[in-house]
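*Asks:* the following block contains a protein sequence and its predicted model.
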Amino acid sequence: MWKGDKMKYLITRADDFGSALSANHAMIQAVEYGNYIKNVSCMVAAPRIEEGLDRLIGLKKKKEFCIGLHAVLNSEWESIHYKSVLSPETIPSLVDSNGIFAFHPMKYQEKMPDVGEAVREISAQLDKLAKLGVCADYVDTHMLPEAAVPGLLDALSEFIKSKGLIDQRYFYTFPRAHQPELSGRAMPEEDLAAYREWFQTFEEEKQYINILHPAFYSEETELFCNSVLTGNQTAKTRDAEQRVINSWVLEEYCERMDIKLLKYTEAVPQGDTTMEAVKYF
């Protein structure tokens, strides 16, 4: 549908709404006052999902963006845990007796989740999101567990198709250059310059994706730590991302460079891109 034009196309997605109050506020601000973020992914298994969600829902009536389910089957932080919607005894391969998900998809090598249990839990998460007032446009997953669990990718795709929703499986296309990795150590002007240079690598008629995890620096985001990342590192990185998107400069760059920002409902499926996503991350 785009053949012959001079445009480039970019899906922009903010992940982890619900993970922290400071994350929710950062995404709401980005959507309310800017136009760069076109998709917001919600974690109903996270502790802060209900705080600010009404504002996000209200904004969807005024602004052009999609809301999706960020399906969770694992945790990743030592101090913050994500808990299942279903009771632990109904999905024993996924959670411990307290309903807490495994720490990381690599832990599945020790205890492989049952595909049926995984799909039922994701279905319950989608139902909970609907009960909270969100009619989801798409489903994506937290840390791509479907790439680690045999059979889950196809089972999840069938489930998403049955619900008439858009499946992340077909939209992970990346430029040759990796999206800027913001550490929080650079000045905002330097981070914006890195994005400008990244945008300059885009090719005409190609569709790409930019995935961010914006959050204001806070004591809450300092709890996002594990054996690889300190809480300070994570908090600084996520704050740098919110500063970039809430500068409202990126959309100006895109307009000047003929980059159209896309909701999932406007994007074109690119074939199965799951393994490209695994390699990229």
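*Replies:* Cool, the structure landed. Quantities reported herein were computed from a predicted structural model and do not represent experimental measurements.

*Asks:* for the rest of this, base every contact and every neighbour count on C-alpha atoms.
*Replies:* Will do.

*Asks:* what's near enough to touch V249?
*Replies:* V249 is in contact with L192, counting by C-alpha atoms under 8 Å, 6 or more residues apart in numbering.

*Asks:* and what of the one 4 residues further on?
*Replies:* Taking C-alpha under 8 Å, 6+ apart as the criterion, Y253 is in contact with R196.

*Asks:* okay, it and A235: tell me how far apart.
*Replies:* 26 Å (C-alpha to C-alpha, to the nearest Å).

*Asks:* what is the lengthiest helix in the chain packed up against?
*Replies:* Criterion DSSP state H: the longest helix present in the chain is helix 115-131. Counting contacts by 3 or more C-alpha pairs under 8 Å, 6 or more residues apart in numbering; DSSP states H and E, helix 115-131 packs against strand 66-71, helix 152-162.

*Asks:* now the shortest one: how far from the chain's centre is it?
*Replies:* What that stands for is strand 66-71. Centre-to-centre, strand 66-71 and its host chain are 8 Å apart (C-alpha atoms, centre = their mean, to the nearest Å).

*Asks:* and if you look at the longest one?
*Replies:* In this view, helix 152-162 has its centroid 18 Å away from the chain centroid, taken as C-alpha atoms, centre = their mean.

*Asks:* just checking, what packs against the helix or strand following it?
*Replies:* Using DSSP states H and E, the helix or strand that follows helix 152-162 in sequence is strand 166-167. Applying 3+ C-alpha pairs under 8 Å, 6+ apart, we find strand 166-167 packed against strand 138-141, helix 152-162.

*Asks:* re the thing from before, out of the helices and strands packed on helix 115-131, nearest to G133?
*Replies:* strand 66-71 (11.1 Å; C-alpha to C-alpha).

*Asks:* residues in contact with that closest one: which ones?
*Replies:* By C-alpha under 8 Å, 6+ apart, the residues outside strand 66-71 that reach it are 15-16, 38-44, 60, 122, 125-126, 129, 134-142, 263-265.

*Asks:* which residues in the stretch 151-281 of the chain form strands?
*Replies:* Using DSSP state E, counting those that start in this stretch, the strands of the stretch 151-281 of the chain run over residues 166-167, 207-212, 259-262.

*Asks:* between the ones you listed, which gets nearest to S97?
*Replies:* Once these are compared by C-alpha to C-alpha, strand 166-167 is nearest, at 30.7 Å.

*Asks:* picking up where we left off before, turn the strands of the stretch 151-281 of the chain into CSV, columns for distance to D54, mean neighbour count and mean pLDDT.
*Replies:* What follows is the strands of the stretch 151-281 of the chain, written out as CSV (distance: least, C-alpha to C-alpha, whole Å; neighbours: other C-alpha atoms under 10 Å; pLDDT from 0 to 100):
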stretch, distance to D54, mean neighbour count, mean pLDDT
strand 166-167, 23, 21, 98
strand 207-212, 22, 19, 98
strand 259-262, 23, 22, 98
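
*Asks:* let me know the pLDDT of the closest residue to L182 other than its chain neighbours.
*Replies:* Closest residue to L182 apart from its sequence neighbours, by C-alpha to C-alpha, 6 or more residues apart in numbering: T237 at 5.6 Å. pLDDT, T237: 97.

*Asks:* please consider this matter closed, and thank you.
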